[in-house]
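> give me coordinates for this.
(chains A and B)
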Amino acid sequence: MIPLQTLREKPQYVIERLKVKNFEAEEIVNNILSLDEERRKTQKSLDEKLAESNQLAREIGVLFKQGRTAEANEMKVRTSLLKEETRELTEKLTFTEKALDELIVRLPNIPAEQVKSGKSAADNEVVLQEGNIPSLGSDALPHWELAQKYNLISFELGAKVTGAGFPFYIGKGAKLQRALISFFLDEAVAAGFLEFETPLMVNEDSAFATGQLPDKEGQMYHVPVDNLYLIPTAEVPVTNLYRNTVVKHSELPVKLCAYSACFRREAGSYGKDVRGLNRLHQFDKVEIVEIAHPDESFKVLDEMTSHVAGLLRKLELPFRMVRLCGGDMSFTSAITYDFEVYSAAQQKWLEVSSVSNFTDFQANRLKLRFKDESGKIRLAHTLNGSALALPRIVAALLENNQTEDGINVPQALVPYTGFNKIS
RNA sequence: GGAGAGAUGGCCGAGUGGUCGAAGGCGCACGCCUGGAAAGUGUGUAUACGCCAAAAGCGUAUCAAGGGUUCGAAUCCCUUUCUCUCCGCCA
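Model (predicted):
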């Protein structure tokens, strides 16, 4: 949620910047401002009535103590009138607040200055590209065939036991998963992130706080008997650790990381983009999360993208970094960089990480604040990024490193896998 | 799952219908004391919203969450959540 304060202070700026996300905000913003005014007026008169009742209650107490029961009872008549008035005002206040809230949650986060407007992924800007794109022979296999050839992953068994999009990893394929998870976690811890292992299900409050509810309700697996949601990313439990908290400015930035399985229903996906590891219902990911001082969050964003780029370099994968245009960015994000690796057999770029600064948008909903140098309590900024999501990394590793006598494992991973070739 | 006990400020803990945002202690901050420190001592120490140009100040709300009784609720009643103890079950 955009803080109400921001809307009061610079409504025109918000309206202008949201156009970058192709969002027409003028009407909503105007309605918000007039509801806000109404809310304050209502609250003022409610507070006055409540003050009056409190005063009367005190006086009645004194009268009873002095045994002046008749006078006390006489005053009680007046309070019942006030009570009716406060009841009505409270209803009005609740109603106005609810209407206000419903409008505010519809506004997406304000794009940062660097973000350009655009309709779709076609308008994204490549800001960095590194590594050599391998030229494979015409007999190069896509990863789903390599997975079968070397018995690393079984999509069929997954479909039998659970359903499409829930693969089994087998033998060296399973070991490779474990190796990547350990490698990513070790790298994150070395970069100063505190490691967490999190619950894989969260309650409704948490899903709301990080913004999965209500918008993305259909994208999460839901367990109705206990009203719990399977996490689509470790961002949800990790960020919720800081729901309703005030941190000291000296503790910033807070750096957290977690490996988790991620569960996504991916309703509506189909076709060749979902072949093999390209899109799964359950996958593994290491996530990094930071809570930053508002003055520092863009510096922190750069550090996070450098961390991700470093991982891809160590894995010797050709990659590019893309700044998303307004139209392709998520609702909550102020700026997002995607990392894509080149998958040589499929001959396309696959997204493996998305690093975003949510500025104070997510923190506002989370009520995640910090006490600044002067003791004032302010909203913090939150950021997160994948570092990294496994399946497409595996796809690219298998495809790009295939040779006639097997698949080479990058040097950085060998200490974790215990083997340097899959054959 | 069954039976019982409980949830109060950063922490511990008092408070069972009135002047309680809440005693006392610890912690923390600042000052005094000291050559310096410890000890001692004094003062201060929640959050949200509103009024106000702003500060000061004032008002309102908040004692797990929500609802109710009452002129008045931390205190009484109901619901939910969580914690602890015992029993059952179990990786």
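
> going by C-alpha atoms from here, please, whenever you check contacts or count neighbours.
Noted.

> how many residues are close by residue A:44?
13 (other CA atoms under 10 Å).

> next one: the one 5 residues further on
Here the neighbour count serves as a burial measure; for residue A:49 (other CA under 10 Å) it reads 18.

> three-state assignment of residue A:195?
At residue A:195, secondary structure determined by DSSP: H, G, I helix; E, B strand; the rest coil is strand.

> can you name the residues of the stretch 251-400 of chain A that neighbour RNA strand B?
Residues of the stretch 251-400 of chain A lying near RNA strand B by CA under 7 Å from any atom of the strand: residue A:377.

> quick one: mean pLDDT for the helix or strand where residue A:85 lies?
Taking DSSP states H and E as the definition, one finds residue A:85 inside helix A:69-104. Here helix A:69-104 scores 88 as its mean pLDDT.

> show me what secondary structure element comes after it.
strand A:125-130.

> which residues pair with the closest residue to RNA strand B within the stretch 251-400 of chain A across the strands?
The stretch 251-400 of chain A approaches RNA strand B most closely through residue A:377 (5.3 Å), counting by CA to the nearest atom of the strand. For residue A:377, the beta-bridge partners under DSSP bridges are residue A:371.

> so who does it touch?
By CA atoms under 8 Å, 6 or more residues apart in numbering, the residues touching residue A:377 are A:246, A:369-371.

> ok, now how distant is it from residue A:108?
Between residue A:377 and residue A:108 the computed distance is 24 Å (CA to CA, to the nearest Å).

> same question, residue A:146
In terms of CA to CA, residue A:146 sits 42 Å off from residue A:108.

> in what helix or strand does the spatially closest residue to residue A:199 that is not a sequence neighbour lie?
Excluding its sequence neighbours, the residue lying closest to residue A:199 (CA to CA, 6 or more residues apart in numbering) is residue A:237, at 6.9 Å. Per DSSP H and E, residue A:237 falls inside helix A:235-240.

> ok so, going back, for the helix holding residue A:85, list every residue counted as buried.
Buried residues in helix A:69-104, counting neighbours by 16 or more other CA atoms under 10 Å, are found at A:72, A:75, A:79, A:82, A:86, A:89-90, A:92-93, A:96-97, A:100-101, A:103-104.

> go on, stretch A:413-423?
Buried, per 16+ other CA under 10 Å, within stretch A:413-423: A:413, A:416-417, A:420-422.

> farthest pair within the residues you listed?
A:416 and A:422 (13.8 Å; CA to CA).

> and the longest helix seen in chain A, is it in reach of RNA strand B?
In chain A, assigned by DSSP state H, the helix with the most residues is helix A:26-65. Yes: for helix A:26-65, a contact with RNA strand B is found by CA under 7 Å from any atom of the strand, at A:40-41, A:43-44, A:47-48, A:50-62, A:64.

> and chain A, what are its domains?
Following automatic domain parsing, chain A resolves into domains at A:4-104, A:121-422.

> out of these, deepest packed?
domain A:121-422 (a mean of 19; mean count of other CA atoms under 10 Å).

> tell me the mean pLDDT over that one?
92.

> please state the offset of it from the chain centre?
11 Å (CA atoms, centre = their mean, to the nearest Å).

> how far does that domain stretch from one end to the other?
35 Å.

> who's in contact with the residue nearest to residue A:332 when sequence neighbours are not counted?
In this structure, residue A:332 finds its nearest non-sequential neighbour in residue A:109, 5.2 Å apart by CA to CA, 6+ apart. Listed by CA under 8 Å, 6+ apart, the contact partners of residue A:109 are A:1-2, A:18, A:331-334, A:358, A:361.

> how about a markdown table for those residues, with secondary structure and distance to residue A:352 added?
A markdown table is the format used below for the contacts of residue A:109 (DSSP: H, G, I helix; E, B strand; the rest coil; distance: CA to CA, whole Å):
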| residue | secondary structure | distance to residue A:352 |
| --- | --- | --- |
| A:1 | coil | 27 |
| A:2 | coil | 28 |
| A:18 | helix | 27 |
| A:331 | coil | 20 |
| A:332 | coil | 19 |
| A:333 | coil | 17 |
| A:334 | coil | 20 |
| A:358 | coil | 19 |
| A:361 | helix | 24 |
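
> tell me the two of those residues that are most distant?
Maximum distance among these (CA to CA): 14.5 Å, for A:18 and A:358.

> mind listing the strands for the stretch 251-400 of chain A?
Using DSSP state E, counting those that start in this stretch, the strands found in the stretch 251-400 of chain A span residues A:254-263, A:282-292, A:319-323, A:335-343, A:348-357, A:368-371, A:377-379, A:381-389.

> what's the closest of the ones you listed to residue A:126?
Comparing these by CA to CA, strand A:319-323 comes nearest, at 4.3 Å.

> so what strands line up beside the closest one?
Partners of strand A:319-323 in its sheet, by DSSP bridges: strand A:125-130 (antiparallel), strand A:335-343 (antiparallel).

> residue A:205 is nearest to which of the ones you listed?
Of all the strands paired with strand A:319-323, strand A:335-343 comes closest under CA to CA, at 25.3 Å.

> what comes into contact with that closest one?
A:111-112, A:114-115, A:133, A:305, A:309, A:317-324, A:329, A:348-358, A:393, A:395-396, A:399-400.

> rerun at 7 Å
With contact meaning CA atoms under 7 Å, 6 or more residues apart in numbering, strand A:335-343 is reached by A:111-112, A:115, A:317-324, A:329, A:348-357, A:396, A:399-400.

> fine, thanks again, bye for now.
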